[in-house]
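Peer 1: here's my sequence, what's the structure:
(chains A and B)
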Amino acid sequence: MNAVPSDLSAGAPVVRLAGINKWYGTYHALRDIELQVTPGERIVICGPSGSGKSTLVRTVNLLEPFQQGRLEVCGIVLQADEITRAARLAINRRVGMVFQQFNLFPHMTALQNCTVGPVWGAGVSRREANERAMHYLQRVGLAHLAQRYPAQLSGGQQQRVAIARALCTRPQVVLFDEPTASLDPEMVNEVLQTMESLAGEGMTMMIVTHEMGFARRVADRVVFMDEGQVIEIAAPADFFERPRSARLQTFLGQVLSH
Amino acid sequence: MSGFLRALPLPPRPPPVRLLPARVRWRQVWFPSRGLGVLSLLLAAVLLLAGWQFLQWAVLNAHWRGTSSEACPGSEGACWAFVLARWKTWVVGPYPDAQLWRPWAGFALFAAFWIWAVRRPAAASPAPVLWGFVLLPVLLLALLAGGGPLAPVPPARWGGLLLTLACTLVTFATALPLGLALALGRGSRLPVVRWLCAGFVEGMRSVPLLAVLFIAATLLPMFLPPGWNIDLFTRALVAFALFNAAMAAEVFRGGLQTVGAGQREAATSVGLGDFAALRLIVLPQAVRAVVPALVNILIAVIKETTLLSVIGLNDLLGAIENGAKSPEWNGESNILTSGQVFLALVYLAICYGLSRYSRRLESVHGGAASP
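Peer 2: A predicted model of the protein is given here:
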């Protein structure tokens, strides 16, 4: 699998957020966000609930518009006042997303969930889309359930189909918005393992998660957010062993104590 | 607290069988307590009495034979002779005798379509049935109105149940797409489109259908440029279509709301544009959710068609009333009543069948996101 797109020169960031600010009404949800993701990099974003980490990844594919700043995704550069439906569509054809609630299309089989985007969004032939879908369903270990509807799959299987669906659009970066947060505990691991093997193949990933063990194993850099700001960015070893900010030290104390 | 460890796993067992005798169970259902037992008896007595009265009127004292009102003296028995002598005109109206195969073929076509629709597995996609409902009326109209190799028959020569069926199907076929367009328009980005759609829907919903029909029948021709002559049936169809489009719009709007924002976001995230997302992701789910409600609209339309007789059209009710006014059958009000009971039975048969169908769809689609 060639997860790193060839049309990107090595080293140029896949995602660059520069001075991003976002408000919900008067609530300042993202404050002066500066963040770069280089090809093949795995970024884990964590922080207390309401810290803006989900809003941050949803800003990257413009599910949430921002009001100030500059966004650069896969070579598309956007100022806050240039956000249009066309721009959002262009970015989404290069970026994949995995949601907390899976958001599989319930009236379609696993296979159809995987092919609808390539066929109707990217104009891929039905035959090629089917082959691609079976390839990625195989990758997440669900080829034998391709004809099942989402309601006939377990939560963990649904989320793995959602990962395959995201990969089928051949994204240059995949966003994960708390992919294991609504899973039963015994299903968390199958999803995390799927993501780990994906990371092992060099896929660029931005992952919002509370799974600290996963972050330690997989992340190149871990981002800590609080109150809409990036507080600290560090390699996992430093992040977990030598947190510099008091806020992160408290947070780690709370999440790692059990 | 003391610990516990199960040594042997429990195998599953069948549920216990209720060993109460049938008589006891029957008593528990009908007479669970003294008060409710009295109520059961009272209601059963009322039911029996009413049933007996109806049986006397409809069967025991009924008059079956005859060609004029003299066959049905008095009012203690139904005048089925009237129905038997007239039913053919009530079914097809004054349609030319030589062309009668066309209405019969129309009925047969619809019956075949309906049998096919009802026998499909309830969980199957509703799309073919809905398409059938939109395409069938076009076929039916072409067959009835004629043109080309078929001799033309103007709508003035249609009548009775045929007119009812044509009106129902055409109304349904035009009101559904229009209603969907209105529902989508209410969610438009353009304020003017939103206001127009909302205004139309709210306006139509707040006006009685009869008023809309009268406006279409009498007022509309005055506003049309001279020389424009639209026949009464078409004007009535327009009124029905617009009124029921407003009803369907509200149903569709409810359906669109059942599709969560997450579905639209997921559609965007796999690279679908707005139109593709609407067509492939949002609409199939929204329509599926409202199919039972659409069948209820169909039932309402069927019953509304009796209003056609009020504006002077010869639908089933109009045909029956005309029959009771004819010289042979004039006189006894009991004769008209017999015709109306016949009409009620026909509508009951059609609408009860439809409501059973709707109930079956509900039980399938009521469950969470099933295939």
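Peer 1: got the contact list for the helix or strand containing B:P221?
Peer 2: For B:P221, the host element (DSSP states H and E) is helix B:220-223. Here helix B:220-223 makes contact (CB atoms under 8 Å, 6 or more residues apart in numbering or on different chains) with B:N229, B:I230, B:R235. For glycine as for every other residue, the C-beta is placed from the backbone atoms N, C-alpha and C.
Peer 1: top of those residues by neighbour count?
Peer 2: In terms of neighbours by other CB atoms under 10 Å in any protein chain shown, the contacts of helix B:220-223 top out with B:R235 at 21 neighbours.
Peer 1: excluding chain neighbours, what is closest to it?
Peer 2: B:A216 (4.5 Å; CB to CB, 6 or more residues apart in numbering or on different chains).
Peer 1: list the residues that contact the one you found.
Peer 2: B:R235, B:A236, B:V238, B:A239.
Peer 1: would JSON lines of these with pLDDT be doable?
Peer 2: Below are the contacts of B:A216 laid out as JSON lines (pLDDT from 0 to 100):
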{"residue": "B:R235", "pLDDT": "88"}
{"residue": "B:A236", "pLDDT": "90"}
{"residue": "B:V238", "pLDDT": "90"}
{"residue": "B:A239", "pLDDT": "92"}
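Peer 1: these in helices, which ones?
Peer 2: The helices, defined by DSSP state H, take in B:R235, B:A236, B:V238, B:A239 from these.
Peer 1: okay, those residues in JSON lines with distance to A:I76 next?
Peer 2: Below are these laid out as JSON lines (distance: CB to CB, whole Å):
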{"residue": "B:R235", "distance to A:I76": "55"}
{"residue": "B:A236", "distance to A:I76": "56"}
{"residue": "B:V238", "distance to A:I76": "49"}
{"residue": "B:A239", "distance to A:I76": "52"}
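Peer 1: now flag whichever of those is closest to chain A.
Peer 2: When the ones in helices among the contacts of B:A216 are compared for distance to chain A (CB to the nearest CB), B:V238 wins out at 34.4 Å.
Peer 1: any idea how far that closest one lies from B:A175?
Peer 2: Distance from B:V238 to B:A175, counting by CB to CB, to the nearest Å: 11 Å.
Peer 1: low-confidence bits of the chain, can you list those?
Peer 2: Using chain A here. A:1-11, A:258 (pLDDT under 70).
Peer 1: should've been chain B
Peer 2: Judged by pLDDT under 70, the stretches of chain B that qualify are B:1, B:364-371.
Peer 1: so which residue is smack in the middle of it?
Peer 2: Residue closest to the average C-alpha location in chain B (CA atoms, centre = their mean): B:I299, at 1.8 Å.
Peer 1: and that residue, what is it in contact with?
Peer 2: By CB under 8 Å, 6+ apart, the contact set of B:I299 is B:C351, B:L354, B:S355, B:S358.
Peer 1: help me confirm that the second one comes into contact with B:I297.
Peer 2: No: B:L354 sits out of contact with B:I297 when judged by CB atoms under 8 Å, with a separation of 10.4 Å.
Peer 1: who's more crowded, these two?
Peer 2: B:I297 (22 against 17).
Peer 1: helix or strand: which one has the more buried one?
Peer 2: helix B:283-304.
Peer 1: list the buried ones in that helix?
Peer 2: Residues of helix B:283-304 classed as buried: B:283-299, B:301-302, B:304 (neighbour count, 16 or more other CB atoms under 10 Å in any protein chain shown).
Peer 1: near chain A, which residues of the stretch 201-350 of chain B? Just list them.
Peer 2: Counting by CB under 8 Å from any CB of the partner chain, the residues of the stretch 201-350 of chain B close to chain A are B:262-263, B:265-274, B:276, B:280-281, B:284-285, B:288.
Peer 1: are any of these buried, and which?
Peer 2: Looks like these have B:263, B:265-273, B:276, B:280-281, B:284-285, B:288 buried, using 16+ other CB under 10 Å.
Peer 1: what's the most distant pair in those residues?
Peer 2: Spatially, the most separated pair among those is B:G271 and B:R288, at 23.8 Å (CB to CB).
Peer 1: so the residue nearest the centre of chain A, which of the three states?
Peer 2: Nearest to the geometric centre of chain A sits A:L175, at 1.3 Å (CA atoms, centre = their mean). For A:L175, the secondary structure call by DSSP: H, G, I helix; E, B strand; the rest coil comes out as strand.
Peer 1: in contact with it, which residues?
Peer 2: Counting by CB under 8 Å, 6+ apart, A:L175 has contacts A:V57, A:R58, A:V60, A:N61, A:V95, A:G96, A:M97, A:V98, A:M205, A:M206, A:I207.
Peer 1: kindly report the same for B:A300.
Peer 2: With CB under 8 Å, 6+ apart, B:A300 has these contacts: B:N244, B:M247.
Peer 1: cool, and the one 10 residues further on?
Peer 2: By CB under 8 Å, 6+ apart, the residues touching B:V310 are B:L210, B:L213.
Peer 1: make it 7 Å
Peer 2: By CB atoms under 7 Å, 6 or more residues apart in numbering or on different chains, the residues touching B:V310 are B:L210.
Peer 1: next to chain B, which bits of the stretch 1-150 of chain A? Give me the list.
Peer 2: With the criterion set to CB under 7 Å from any CB of the partner chain, the stretch 1-150 of chain A comes near chain B through A:61, A:63, A:85, A:88-89, A:92-93, A:96-97, A:99, A:101, A:103, A:105-107, A:116-117, A:120-122, A:149-150.
Peer 1: show me the residues you listed that map onto helices.
Peer 2: Counting by DSSP H, the part of these found in helices is A:R85, A:R88, A:L89, A:N92, A:V116, A:G117, A:W120.
Peer 1: can you give me the helices for the stretch 51-200 of chain B?
Peer 2: Ranges of helices within the stretch 51-200 of chain B are B:80-92, B:101-119, B:127-145, B:160-186, B:191-205, based on DSSP state H, counting those that start in this stretch.
Peer 1: one step back: between the ones in helices among the residues of the stretch 1-150 of chain A next to chain B, which is nearest chain B?
Peer 2: For those, the nearest to chain B is A:G117 (2.8 Å; CB to the nearest CB).
Peer 1: skipping adjacent residues, who's closest to that closest one in space?
Peer 2: Closest to A:G117 by CB to CB, 6+ apart is B:V270, at 2.8 Å.
Peer 1: show me what contacts that neighbour?
Peer 2: Shown in contact with B:V270 (CB under 7 Å, 6+ apart): A:V116, A:G117, A:G121, A:R165, A:T169.
Peer 1: from B:A145, how far out is B:L130?
Peer 2: Counting by CB to CB, the separation of B:L130 from B:A145 is 24 Å.
Peer 1: give me the more crowded residue out of these two.
Peer 2: Taking neighbours as other CB under 10 Å, B:L130 and B:A145 compare with B:L130 leading, 18 against 15.
Peer 1: residue 94: how many residues sit nearby?
Peer 2: I'll assume chain A. 19.
Peer 1: my question was about chain B, not that one.
Peer 2: Using other CB under 10 Å: B:P94 sits among 15 other residues.
Peer 1: does it touch B:G159 like I think?
Peer 2: Yes: B:P94 is within contact range of B:G159, at 5.6 Å (criterion: CB atoms under 7 Å).
Peer 1: now, which of the contacts of B:V270 sits nearest A:P48?
Peer 2: Using CB to CB, the contacts of B:V270 come closest to A:P48 at A:R165, 29.8 Å.
Peer 1: hmm, who's touching whichever strand or helix holds that closest one?
Peer 2: For A:R165, the host element (DSSP H and E) is helix A:155-168. By CB under 7 Å, 6+ apart, the residues outside helix A:155-168 that reach it are A:96-99, A:102-104, A:110, A:113-114, A:117-118, A:132-133, A:136-137, A:139-142, A:145, A:150, A:153, A:174, A:179, A:183-184, A:187, A:190-191, A:194, B:270.
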